[in-house]
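A.B. asks: Let me see the structure of the following:
(4 chains)
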There are 2 protein chains.
Amino acid sequence: MEQKTYTISDLAKEHEVTPRTIRLYEEIGIVAPQRDGNKRIYAERDRVRLRLAIRGKGLGMSLAEVKELIDMYDNTGRDEKKQLKRLLEKLQERRDILLTQRRDIELTLAEIDRIADKARSTLAELERAKVN
Amino acid sequence: MEQKTYTISDLAKEHEVTPRTIRLYEEIGIVAPQRDGNKRIYAERDRVRLRLAIRGKGLGMSLAEVKELIDMYDNTGRDEKKQLKRLLEKLQERRDILLTQRRDIELTLAEIDRIADKARSTLAELERAKVN
DNA sequence: TATTACGTTAACGTAAGCGTCAATTATCAA
DNA sequence: TTGATAATTGACGCTTACGTTAACGTAATA
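C.D. replies: Predicted structure coming up:
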């Protein structure tokens, strides 16, 4: 089975980030491309990890947190009990944070809808009053 | 109706931030306490805005974005059409972002549950095998 | 009165997350 | 061969969001 590969600008365009960003993520250890001379060759695995990283960032995680979490995704299997327990703890922590965030999003969405409704009705009044 | 007021450390403790943070938020315009001599006196309005700010931060907003959004919460009423339309646009933008975030949270939660299940069953196997 | 707690401003420090050159190399089409 | 295009490695700079002294004032309490 042939592996599909990507250049840095392939991934940059696809994810709407700059190459600089991807190189930074490599420095941190989020991606680990192969080399063809001095060109970086990214595998599907890198692509997935990049996507996960960007998603995590969008949720407010630091790159360090992102790396930790993503490494865990890859890490399943062949682990000692201690590692596995640690993994489960970490997952639980992140889960709690995500649940809090989801709740905060619901709260904020509700606020926004409330404000928007108000604004729309005020606007409608102005229209009726012909205050253009 | 008497107004309840708070000191900076009241709010700091309640929201688990340092006074330094609250003073920074004042500089930015998120809160605007009264003064008693050179002591800051926070009203309920400040408390609400601080809470909203912290919530927004937890969702990955910058303080500038937070301020913009919070100001809009306060701004309803006595507005011209143009302002109202601008407000509605901004609310829509933020709404879209929140919906994306919510979806990303669902995706991440699903991933976490998948990994956790796997880890738990691996752990159970190790237990059975008495590899302690 | 001395201590403790809490408040103030001012200023420097720092980690994160890139942007932005600069100087260079490699590739590919015309 | 000559550009044009894309890639590379530094290296410096910048913004955000605070932390962390320092140096000092005030107010209640022992």
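A.B. asks: what stretches of chain A score poorly on pLDDT?
C.D. replies: Applying pLDDT under 70 to chain A flags residues A:1-2, A:75-79, A:130-132.
A.B. asks: how's it carved up into domains?
C.D. replies: For chain A, automatic domain parsing gives the domain ranges A:1-61, A:75-132.
A.B. asks: Looking at the ones you listed, spot the one closest to chain B.
C.D. replies: domain A:1-61 (3.3 Å; C-beta to the nearest C-beta). The way it works is simple: take the backbone N, C-alpha and C, and place the C-beta from them, glycine included.
A.B. asks: Contacts only, for A:Asp71.
C.D. replies: By C-beta atoms under 8 Å, 6 or more residues apart in numbering or on different chains, the contact list for A:Asp71 reads A:Gly29.
A.B. asks: Quickly find the element holding it.
C.D. replies: If you go by DSSP states H and E, A:Asp71 is part of helix A:63-74.
A.B. asks: That helix: how far from the chain's middle?
C.D. replies: Centre-to-centre, helix A:63-74 and its host chain are 11 Å apart (C-alpha atoms, centre = their mean, to the nearest Å).
A.B. asks: close to DNA strand D, is that helix?
C.D. replies: No: counting by C-beta under 7 Å from any atom of the strand, DNA strand D is not contacted by helix A:63-74; separation bottoms out at 13.4 Å.
A.B. asks: related to what we said a few turns ago, any chance of the domains of chain A in CSV, with mean neighbour count and distance to B:Asp113 too?
C.D. replies: Putting those into CSV (neighbours: other C-beta atoms under 10 Å in any protein chain shown; distance: least, C-beta to C-beta, whole Å) gives the following:
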stretch, mean neighbour count, distance to B:Asp113
domain A:1-61, 15, 15
domain A:75-132, 14, 8
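A.B. asks: Can you show me the CA trace of the longest strand along chain A as CSV?
C.D. replies: For chain A, the strand that runs over the most residues, judged by DSSP state E, is strand A:39-43. Extracted as CSV, the C-alpha positions of strand A:39-43 are listed here (Å, rounded to 0.1, in the frame of the first residue of the first chain):
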residue,chain,number,x,y,z
LYS,A,39,12.6,19.1,2.0
ARG,A,40,10.0,18.0,4.4
ILE,A,41,7.8,15.1,3.4
TYR,A,42,4.6,14.7,5.5
ALA,A,43,2.7,11.5,5.8
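A.B. asks: ok, and what's touching that strand?
C.D. replies: A:3-8, A:10-11, A:26, A:31, A:33-35, A:50.
A.B. asks: Thank you kindly, that will do.
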